[in-house]
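Participant: Pasting a predicted model and its sequence here:
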Amino acid sequence: MVNEQQCVIIGIAGASASGKSLIARTICDDLRQDLGTDQIAMITEDCYYKDQSHLSMEERVKTNYDHPNALDHELLCQHLAALRNGESVQVPNYSYVEHTRMQESTQVTPKKVIILEGILLLTDPNLRQHMHASIFMDTPLDICLLRRVRRDVEERGRTMDSVLEQYQRTVRPMFMQFIEPSKQHADIIVPRGGKNRIAIDFLKAKIRQLAS
Ligand SMILES: Nc1ncnc2c1ncn2[C@@H]1O[C@H](COP(=O)(O)OP(=O)(O)O)[C@@H](O)[C@H]1O
Ligand SMILES: Nc1ccn([C@@H]2O[C@H](COP(=O)(O)O)[C@@H](O)[C@H]2O)c(=O)n1
């Protein structure tokens, strides 16, 4: 069992396709060797998109997924408090194809280190309160768009036209309104993306120190 002092929570925010998942996964994989396989977990803010199973597919497609109201940050806060208290939680599974939560959830047991990643994490003061350190991925938006088109078509069941339409309708405007301004709350700003090796090594050293 892990007590409150032992659960280090790191938040990684930034634009969609800025490399948040990649850097979070790399740090988790590397640190598992030092901290123990079962002592570090990654939690994605996207799992906390609100359930939309009561809406038609046509309505779901219209949702603004880049606005803070699309997310259940209250549930994420409850889960972080529970994990810090040594309790396991059931993280919802999310489908980008169905635009809603799936019936199954994934159990996350208490850990020494939790890496949170998501576009809007730093916009919420209640979430920020849980974080021992916060990071903002400062990847240029044109690079993010190129990566998002490829990823959403290959992995999230989208067409190129739908990705470009959504980008102009919500992704870019909400980045300007909410995500970019939240950069001021980050402790560390990482340029260029998820393969910035020096940044990864610095972050791993800091997390090791916080977790020791
Ligand atoms: N530095 C990089 N160089 C090349 N591809 C990258 C880099 N960082 C991320 N990617 C790729 O871009 C896509 C989006 O990255 P991802 O980490 O999923 O972004 P996010 O979690 O911020 O949405 C993925 O396909 C990932 O493999
Ligand atoms: N049903 C959904 C839910 C979310 N999105 C988009 O996902 C982006 C956030 O995830 P990243 O992995 O890219 O950080 C966000 O920009 C939403 O637009 C979606 O398209 N459909």
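Facilitator: In hand now; what should we look at? This is a predicted model, so every value here is computed, not measured. Ligands and ions are numbered 1, 2, ... in the order given.

Participant: Let me see the ranges of the strands in the protein.
Facilitator: Counting by DSSP state E, residue ranges of the strands within the chain are 8-14, 40-44, 89-95, 100-108, 113-117, 133-138, 188-191.

Participant: Deepest-packed of these, please.
Facilitator: Neighbour counts averaged per stretch over the strands of the chain are highest for strand 8-14, at a mean of 26; criterion: mean count of other Cβ atoms under 10 Å. Bear in mind the C-beta positions are built from the backbone N, C-alpha and C, glycine included.

Participant: Dump the strands of the chain to a markdown table, plus mean pLDDT and distance to Lys50.
Facilitator: Shown next, in a markdown table, are these (pLDDT from 0 to 100; distance: least, Cβ to Cβ, whole Å):
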| stretch | mean pLDDT | distance to Lys50 |
| --- | --- | --- |
| strand 8-14 | 98 | 19 |
| strand 40-44 | 97 | 15 |
| strand 89-95 | 98 | 10 |
| strand 100-108 | 97 | 8 |
| strand 113-117 | 98 | 18 |
| strand 133-138 | 98 | 24 |
| strand 188-191 | 96 | 29 |
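
Participant: Put together JSON lines for the ones you listed, with distance to Pro68 on each row.
Facilitator: Supplementary listing: the strands of the chain in JSON lines, determined by distance: least, Cβ to Cβ, whole Å:
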{"stretch": "strand 8-14", "distance to Pro68": "12"}
{"stretch": "strand 40-44", "distance to Pro68": "16"}
{"stretch": "strand 89-95", "distance to Pro68": "16"}
{"stretch": "strand 100-108", "distance to Pro68": "18"}
{"stretch": "strand 113-117", "distance to Pro68": "15"}
{"stretch": "strand 133-138", "distance to Pro68": "16"}
{"stretch": "strand 188-191", "distance to Pro68": "21"}
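
Participant: Give me every residue in the protein lying close to ligand 1.
Facilitator: For the chain, the contact set with ligand 1 under Cβ under 6 Å from any ligand atom comprises 14, 16-22, 147, 151, 193-195.

Participant: With distance to ligand 2 as extra columns, can I get the strands of the chain in TSV?
Facilitator: TSV is the format used below for those (distance: least, Cβ to the nearest ligand atom, whole Å):
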stretch	distance to ligand 2
strand 8-14	8
strand 40-44	7
strand 89-95	7
strand 100-108	8
strand 113-117	8
strand 133-138	10
strand 188-191	15
